[in-house]
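A.B. asks: sequence unknown, structure follows:
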């Protein structure tokens, strides 16, 4: 909810403001292009992995899905 409020009003996250203030106090020439969460979560959301690993995981997941659908047949429930 708070994130939506920050985005809608154009406000910065209080953690970002606090971090920038502390950094400016130690380095007056400090510039910051990203928000606090973007800086710390980007490596988790966008890991630096080899493309073949991602492709292999995608193929494995797709094959597992197909095999599961063949073994456990989907059942359509009739609405009453």
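C.D. replies: Yep, that arrived. These figures come from a predicted structure and were not determined experimentally.
A.B. asks: Under a three-state scheme, what state does residue 66 occupy?
C.D. replies: Residue 66 carries the three-state label helix when classified by DSSP: H, G, I helix; E, B strand; the rest coil.
A.B. asks: give me the number of residues near it?
C.D. replies: 10 (other CB atoms under 10 Å). From N, CA and C alone the C-beta is placed, and that goes for glycine too.
A.B. asks: Quick check: the gap between it and residue 54.
C.D. replies: To residue 54, residue 66 is 19 Å away according to CB to CB, to the nearest Å.
A.B. asks: Ok, residue 23 next?
C.D. replies: 34 Å.
A.B. asks: for the protein, what are the low-confidence residue spans?
C.D. replies: Applying pLDDT under 70 to the chain picks out residues 1-3, 32, 34-36.
A.B. asks: what about the helices in it?
C.D. replies: 2-9, 14-26, 36-45, 51-71 (DSSP state H).
A.B. asks: Compare those and give me the one nearest residue 78.
C.D. replies: helix 51-71 (20.2 Å; CB to CB).
A.B. asks: ok, residues contacting that closest one?
C.D. replies: Helix 51-71 is contacted by no other residue when judged by CB atoms under 8 Å, 6 or more residues apart in numbering.
A.B. asks: what's the spacing between that helix and its chain's center?
C.D. replies: With CA atoms, centre = their mean, to the nearest Å as the basis, helix 51-71 stands 22 Å off its chain's centre.
A.B. asks: Same question for stretch 6-16.
C.D. replies: In terms of CA atoms, centre = their mean, the centre of stretch 6-16 is set 18 Å apart from its chain centre.
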